[in-house]
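Trainee: can't give you the sequence, but here's the structure:
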């Protein structure tokens with residue numbers, strides 16, 4: 001479709017009919033992440049129109065971009081808004097800074113924008129590349145929660161953080177899922193906070209990375225939801241796809257850490273269309289299509305629809321890291 005922003009901009013639905021024929025069917029539980037690490041992306045208002053025209057009812061954004069928040073006004077699109085990792089220290093150290101952040105980026109828009117979750121930090125653990133932020137996550141969550149409560153929005157907006165599979169020390173079989181010993185002192189108080197406030201845990205679940213990290217033991221069809229039969233038998237639970245196994249391992253870990261009543265929202269899941277092992281348009285199309293259909297029905301351990309956010313709306317040509325990071329888009333710009 002052609003969009004205009006100074007010059008004609010053509011947005012191509014890279015993965016064929018995935019959005020048009022499949023996403024709209026499961027719109028109640030499916031959203032799409034909107035990353036902006038690209039120099040060729042549509043304007044915020046064009047993006048919102050693209051969400052609406054494709055029946056996408058939920059969005060995640062990674063910083064409180066004012067253009068995006070303005071464009072979301074009156075759209076009816078539900079939103080996960082991130083507190084960027086680089087903002088965690090200031091919001092953790094100063095309750096008034098958290099109040100100002102919430103006032104400027106949430107309260108000022110809340111009458112017209114449907115905020116659903118605030119993700120305080122993304123993929124922060126006391127180990128790994130974001131370790132320097134770990135000490136600030138829970139204090140920032142508490143200060144943001146206090147600001148949300150002071151604004152009278154605690155019934156509408158839940159405060160959480162977005163973690164990922166590296167939080168697990170054991171993930172196989174899924175029932176043995178448990179948090180790594182070197183992150184338990186970090187994650188356990190967060191679990192208590194979520195339970196106290198009725199908030200879900202946000203989790204980025206990527207069968208792609210599990211597969212490419214262990215191709216000798218994991219079959220591609222198990223990662224793509226195309227396995228013809230049960231692959232993993234785990235007591236009374238039977239697994240035909242890796243997504244369920246990863247998610248249930250996290251549920252098992254939560255249960256062992258006192259969070260058995262917590263819900264998990266899949267805040268990211270996707271498959272790259274080029275740039276690495278098994279990264280093809282066909283595989284990406286297969287993964288997204290099957291994921292959208294699958295999350296309507298739950299996992300072997302947890303029944304019910306799984307609230308899930310596809311990563312991502314666009315290819316992002318300025319992402320750093322592996323080449324695949326640039327190629328997770330449902331749409332691409334030509």
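Mentor: Thanks, I have the structure now. For clarity, every value in this text was computed on a predicted model and none was experimentally measured.
Trainee: C-alpha only now, for contacts and for neighbours.
Mentor: Noted.
Trainee: which other helices and strands contact the top helix by length along the chain?
Mentor: Across the chain, the longest stretch assigned as helix under DSSP state H is helix 134-150. Packing partners of helix 134-150 (3 or more CA pairs under 8 Å, 6 or more residues apart in numbering; DSSP states H and E): helix 88-93, helix 95-102, strand 114-122, strand 158-164, helix 184-197.
Trainee: same thing but at 10 Å, please
Mentor: Here helix 134-150 touches strand 78-83, helix 88-93, helix 95-102, strand 114-122, strand 158-164, helix 184-197, going by 3 or more CA pairs under 10 Å, 6 or more residues apart in numbering; DSSP states H and E.
Trainee: Of those, which is nearest residue 329?
Mentor: Closest to residue 329 of the helices and strands packed on helix 134-150 is strand 78-83 (CA to CA; 18.3 Å).
Trainee: what's the spacing between the closest one and its chain's center?
Mentor: Distance of strand 78-83 from the chain centroid (CA atoms, centre = their mean, to the nearest Å) equals 10 Å.
Trainee: got the angle between that strand and strand 158-164?
Mentor: If you take axes from the mean of the first three to the mean of the last three CA atoms, to 10 degrees, strand 78-83 sits at 70 degrees to strand 158-164.
Trainee: Now do the same for the most centrally placed residue in the chain: helix, strand or coil?
Mentor: Taking CA atoms, centre = their mean, the centroid of the chain lies closest to residue 267, which sits 1.8 Å from it. State at residue 267, reduced to three classes by DSSP: H, G, I helix; E, B strand; the rest coil: strand.
Trainee: contacting residues for it?
Mentor: Applying CA atoms under 10 Å, 6 or more residues apart in numbering to residue 267 gives the contacts 31-33, 59-60, 80, 119, 122, 161-164, 201-205, 307-311.
Trainee: Read off the pLDDT value for it.
Mentor: Residue 267 carries a pLDDT value of 98.
Trainee: Please report how far it lies from residue 62.
Mentor: 11 Å (CA to CA, to the nearest Å).
Trainee: Between those two, which contacts overlap?
Mentor: With CA under 10 Å, 6+ apart, residue 267 and residue 62 have common neighbours 33, 80, 119, 122.
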